[in-house]
Each structure stands twice: as C-alpha cells, then as structure tokens.
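**Q** Sequence and predicted structure below; questions after.
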Amino acid sequence: MSNLQNLQTLAEARRSIYALNNQLPVDKDQVVALVEHAILHTPSSFNSQSTRLVVLFEEDHKKLWQITEDTLRKIVNDDEKFKSTEQKLNGFKAGAGTVLFFEDQNVVKNLQENFALYADRFPVWSEHTSAMHQYVIWTALASLDIGANLQHYNPVIDEEVAKTWNIDSNWKLTAQMVFGGIEQKAGDKEFAPIDSRLKVYGK
C-alpha cells in the first residue's frame, strides 16, 4: 500500500465512535507518544505552536466527566430533562481517557502585537491550529484501533477544569476528545454529492 493509500485508509477509519469501553488495545504510553508526536509535527499558523494538550486517564478521565455532569445539572436543574444528557455523559465516562485541547492566548496576543496587520485573524487561525491537532490525533488513534469522539463543553466547564488540573490561566479550552476501546463501530456514513462541494478549474 502506498503512503497516499495508507493516509486515505486512515482518514476513512476515523469516525465518531460513541460506544466506548475502558479497555485500550495498546499501552497508555503509546497514546501519550501519539499525542507528543502530534504536538511536534502538526502545523500551526506562523509556526506559533500555540496548542496545549492535557491527557487524562482512568480516575482523572472520570473526574472530568463528573465535573461536566455536576456543572450541567446546575444549569438544567430538571431531572427528567437531564436524563438524555446523563446517558450521554455516562457513555463518555465509560471510555479510557480524554484529551483536552487548549490554545495558549499569550502566544496569540504576542502574534497580534508583532503582526498588527493580521491582529484580528490570529484568534481564528489559533482555532484552525487546534482543529488540525484534533484531526491528527483523532486519525492517529484510529490507526491504533482506538475509538474517539469530539466534544465541546467549554466554556461551561473551563473554570473547574483549570482549578482541578492546575491549568495555566492563559490556556483557553477548545475541545475534549474522549477515547477508548471500540464497543460498537460507527454506522454507515452518508455523503453529500461531491459536485455540490467541490469546484475544479483549469484541468
């Protein structure tokens, strides 16, 4: 298989997997090494390297989703309405770990000061940088037969997350990626027509 075919196969394997368990098919160290590789080799605008990552396993992973549940209960405050949310959160807790994605706002501010012409774009480009790290890690997890799904419970959990794991106040939480053993694979994926999503000129 060529490098291109391998890359495309991995892209197809990367799916949102919600039925997870806490039995990883590899050692935790391999997951950490995968994340380290992503930090080193994923591109960023102006080579800003603004992405910051935190990996939570086992009890820390469960604590994150308990914090999320406790925070959301204060907002919803209705047991009947909360049932579907609780079920979803229990699914996340059942996984093996979570990667927290942050963007260092000090880096963003420094770029805004040093390149004033693009000042209004750097926050947007910072989000692009985070998204690239999310995709790289998600696809790499799929290569190890680890399921994952991406969540966005920020900003409601930001304060408690920062306090619990001593997160730098300049780190802005952008996403949470739950991962674990695959209990049930994703179903078939539907695709919108290519000709409504792609234009090619000069071919």
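**A** Cool, got the structure.

**Q** The residue nearest to Ala140 when sequence neighbours are not counted: what's it in contact with?
**A** The shortest distance from Ala140 to any residue other than its chain neighbours is 4.8 Å, reached at Leu34 (Cβ to Cβ, 6 or more residues apart in numbering). (Glycine included, C-beta is placed from N, CA and C.) Applying Cβ atoms under 8 Å, 6 or more residues apart in numbering to Leu34 gives the contacts 137, 140-141, 144.

**Q** which strands and helices sit next to the lengthiest helix in the chain?
**A** When the chain is parsed with DSSP state H, its longest helix is helix 122-143. Helices and strands touching helix 122-143, by 3 or more Cβ pairs under 8 Å, 6 or more residues apart in numbering; DSSP states H and E, are helix 3-13, helix 28-41, strand 51-57, strand 97-104, helix 105-114, strand 147-151, strand 171-184.

**Q** between the third one and helix 28-41, how many degrees?
**A** Angle, strand 51-57 to helix 28-41, by axes from the mean of the first three to the mean of the last three Cα atoms, to 10 degrees: 170 degrees.

**Q** Could you do the first one as well?
**A** The directions of helix 3-13 and helix 28-41 differ by 120 degrees, with the same axes, to 10 degrees as the criterion.

**Q** ok, the residue nearest in space to the middle of the chain to Lys74 distance?
**A** Within the chain, the residue whose C-alpha comes closest to the C-alpha centroid is Met177; the distance, by Cα atoms, centre = their mean, is 3.7 Å. Applying Cβ to Cβ, to the nearest Å, the value for Met177 to Lys74 is 24 Å.

**Q** just Asn3 next, same as before
**A** Using Cβ to Cβ, Asn3 is found at 49 Å from Lys74.

**Q** So the residue nearest to the centre of the chain is in contact with Thr139, correct?
**A** No - proximity of Met177 to Thr139 does not meet the contact threshold set by Cβ atoms under 8 Å, at 11.5 Å.

**Q** which residue packs closest to Leu20, ignoring adjacent ones?
**A** Nearest in space to Leu20, with sequence neighbours left out and distances taken as Cβ to Cβ, 6+ apart, is Gly180 at 3.6 Å.

**Q** Tell me how far Phe46 lies from Arg52.
**A** Shown here: Phe46 relative to Arg52, a distance of 17 Å by Cβ to Cβ.

**Q** These two - which one has more neighbours?
**A** A side-by-side neighbour count of Phe46 and Arg52, using other Cβ atoms under 10 Å, places Arg52 first with 21 against 14.

**Q** Leaving out sequence neighbours, find the closest residue to that one.
**A** The spatially closest residue to Arg52, leaving aside those adjacent along the chain, is Phe102, at 4.1 Å (Cβ to Cβ, 6+ apart).

**Q** cool, and Trp125?
**A** Excluding the flanking residues, the one nearest Trp125 by Cβ to Cβ, 6+ apart is Ser45, at 3.8 Å.

**Q** For the residue nearest to Ala140, give its distance to Lys185.
**A** Summarising the geometry, the distance separating Leu34 from Lys185, computed by Cβ to Cβ, is 21 Å.
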